[in-house]
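Enquirer: Quick one, what's the 3D model for this:
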Amino acid sequence: MSASDAKRNSAEKDVSVEKVSYDEERSGGAALRLANNVQAKIQNPLYGIPRQELMKQVEEFTNEKGLDDKLELFQRAALLAQNQKDFENMPELSEEDKEVIRRETTHRWSQSRDLYMTVAICSLAAAVQGWDQTGSNGANLSFPQEFGLTHEPGNPRAEINDWIVGVINAGPYIASCLIGCWLTDPLNHFLGRRGTLFWCGIFCTFSVIGSGLAQTWEQLFVCRLLLGLGMGPKATTSPVFAAENVPANIRGGLVMSWQLWTAFGIFLGFSANLALQGTGAIAWRLELGSAFLPAVPLTLGIYLCPESPRWYMKKGRYLDAFKSFCRLRNSELQAARDLYYVHRQLEEEFAILKGTNYFSRFYELFTVPRIRRATLASWVVMIAQQMCGINIIAFYSSTIFVNAGYTSKQALLASWGFGLVNWLFAFPAVWTIDTFGRRNLLLFTFPNMAWTLLAAGFCFYIPDSHSAKVPLIALFVFLFAAFYSPGEGPVPFTYSAEVFPLTHREMGMSWAVATCLFWASILSLTFPRLLTAIGSVGAFGFYAGLNVAAFFMIFLLMPETKQRTLEELDYVFAVPTSKHVTYQVKEFLPYWVRRYVLFQKVELKPLYNFEEVESITVFEKGAGH
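Expert: Numbers count the residues shown, from 1 in each chain. As a prediction, this is how the structure comes out:
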């Protein structure tokens, strides 16, 4: 055999090996990584595809999806999605195209009007949620007297009345976690994200008006249950709607607007309670009924937003998805890039995660490894929101301050101050959630919530005659809110809206929100009796201890998600839980002690492997930690 023949045969063999390797990667590699991503690789599905093959795939895609007239655009978009880091050297892109891509980094908050319209409507949905939560806070001071549910000493029905007041307050959360949240999947399937939020707006308008008109506690309880049929799907769908529409590099900052405007709704609810407290016997009716005000513009404005393009893609409506992306992005090139990139990720996702029907999707939340890890992580952050104790303040702050020695008006004013602090301190998370990270925010704030809550409880030991007692209680409650708002406030709904694959996103978010609202109902139901049984010191101390427990759960079981596209998170959650826990204990914890306690100069070994992976997201060093 001649040297030239040997060289030719060697080259053919290399090409053959490369082709086999590539084919294996496309057919079996993705399945393996999504099932058990032991190497912790974050993979772009377009990585390594030869240019000619990629152009052929794009042509087939545009023919199949009815986008033939956009072939040249999608070819440029695919090249950009394959290797965005090198966009400056792509001759296919015009200088105008390159400037648009540059601005994604230099002006990342410069987004389209329709994207901000979507965020605004989702923010309205959050404000409704917050106002609904706090209407009962002020009403608790008077509606028990209206319906003979008092618990003064010597009343033989005092204990029963405590439970009845608790179950009335818990009504929306009971209905949400048992029914409302689980309606999310079918509602989204048939009505889309916008149609589901329209449904929620209707229930959140008329149920609170009915609460204000109730003539018996049973009628009030039923109206509160109906409110839950709107609150559950709204809390589940709104963060998902926002997460699916915004770019990855600012997703956390915009999706966390759910918490920012929930906090604003809580503040508005406290403001309404304070303004209405002097209206006499009908005060509680006005306090409950006023929550319809933000629900009206939500109901009327939802169809001004573009539908989620990922929902259209799930339905096979790619032309509509492209139109929606064009409304949500600053240029057609960005819209085409995101559409094609998401499409290729979804191809791999759908091949592994079928999610064929309602019951199989629920079953797969706990049986498919990639989804099970997301289910566990979302459960941790959602239950932690109730463990931290924020809702003992949001639901019962007026009662707590009255027990501490304030008059009803002073208690409502202190509650208003709590609402203001809760809202203002949510703003820092807009800038830190995508840089500092979801996980780091929680690990920083939970220890601080624990000691402030414990300090507030100990202040109840101060004699009633001492003028500093109530101001000190209020101070530590406000500090508690200041630590809660940029951490456990925005993270749970942002995080849970991200972590599930598109096939199971509605079902997974239903699970997460049902977890949160179930424990909110338990808290709301039990706190009046808990307060009577063990007093304010015991109740505050109990929740301070739960903060410590939640800290360790988050440290061990919650992966970071910042600055990854929704589809790239498939690979993050394919990393085995045991590998994640081992890394936190054996790598991260020793690093933290050496770096921040012993002040040694050490480097942290990364958990996730980003080597030889190109992504369309903006990658920041340490994002995978």
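Enquirer: Endpoints of stretch 295-306, how far apart?
Expert: Stretch 295-306 has an end-to-end distance of 19 Å (C-alpha to C-alpha, to the nearest Å).
Enquirer: residues of that stretch that come out buried?
Expert: For stretch 295-306, burial by neighbour count (16 or more other C-beta atoms under 10 Å) applies to Ala295, Leu298, Thr299, Gly301, Ile302, Cys305, Pro306. In short, each C-beta sits where N, CA and C put it, glycine included.
Enquirer: In three-state terms, how would the last one be classified?
Expert: What that stands for is Pro306. Following DSSP: H, G, I helix; E, B strand; the rest coil, the label given to Pro306 is coil.
Enquirer: wait, doesn't it sit right on Asp114?
Expert: Yes: at 5.5 Å, Pro306 counts as touching Asp114 under the criterion of C-beta atoms under 8 Å.
Enquirer: Now the common contact residues for these two.
Expert: Arg327, Leu328 (C-beta atoms under 8 Å, 6 or more residues apart in numbering).
Enquirer: Residues contacting stretch 519-535, please?
Expert: Contacts of stretch 519-535 (C-beta under 8 Å, 6+ apart): 151, 158-159, 162-163, 165-167, 169-170, 173-174, 176-177, 382-383, 386-387, 391-392, 395-396, 399-400, 403, 460, 538-539, 542.
Enquirer: Mind checking which of the buried residues of stretch 295-306 are in helices?
Expert: Ala295, Leu298, Thr299, Gly301 (DSSP state H).
Enquirer: my guess is the second one contacts Gly201, does it?
Expert: Which is Leu298. Yes: at 4.6 Å, Leu298 counts as touching Gly201 under the criterion of C-beta under 8 Å.
Enquirer: residues shared between the contacts of these two?
Expert: Here Leu298 and Gly201 have Ala125, Val128 as joint contacts, going by C-beta under 8 Å, 6+ apart.
Enquirer: Quick one: low-confidence residue ranges for the stretch 1-150 of the chain.
Expert: Scanning the stretch 1-150 of the chain for pLDDT under 70 picks out the ranges 1-43.
Enquirer: ranges for the strands of it?
Expert: In the stretch 1-150 of the chain, no strands are defined using DSSP state E, counting those that start in this stretch.
Enquirer: Helices of that one, start to end?
Expert: Assigned by DSSP state H, counting those that start in this stretch, the helices in the stretch 1-150 of the chain fall at 3-24, 30-35, 51-65, 71-82, 95-106, 113-139, 143-146.
Enquirer: Run through the neighbouring helices and strands of the shortest one.
Expert: Going back to what we said before, that points to helix 143-146. helix 158-175, helix 283-289 (3 or more C-beta pairs under 8 Å, 6 or more residues apart in numbering; DSSP states H and E).
Enquirer: Count the neighbours of Asp132 for me.
Expert: Using other C-beta atoms under 10 Å, Asp132 is surrounded by 29 other residues.
Enquirer: Report the spatially nearest residue to it, omitting neighbours in sequence.
Expert: Spatial nearest neighbour of Asp132, chain neighbours left out: Ala291 (5.0 Å); criterion: C-beta to C-beta, 6 or more residues apart in numbering.
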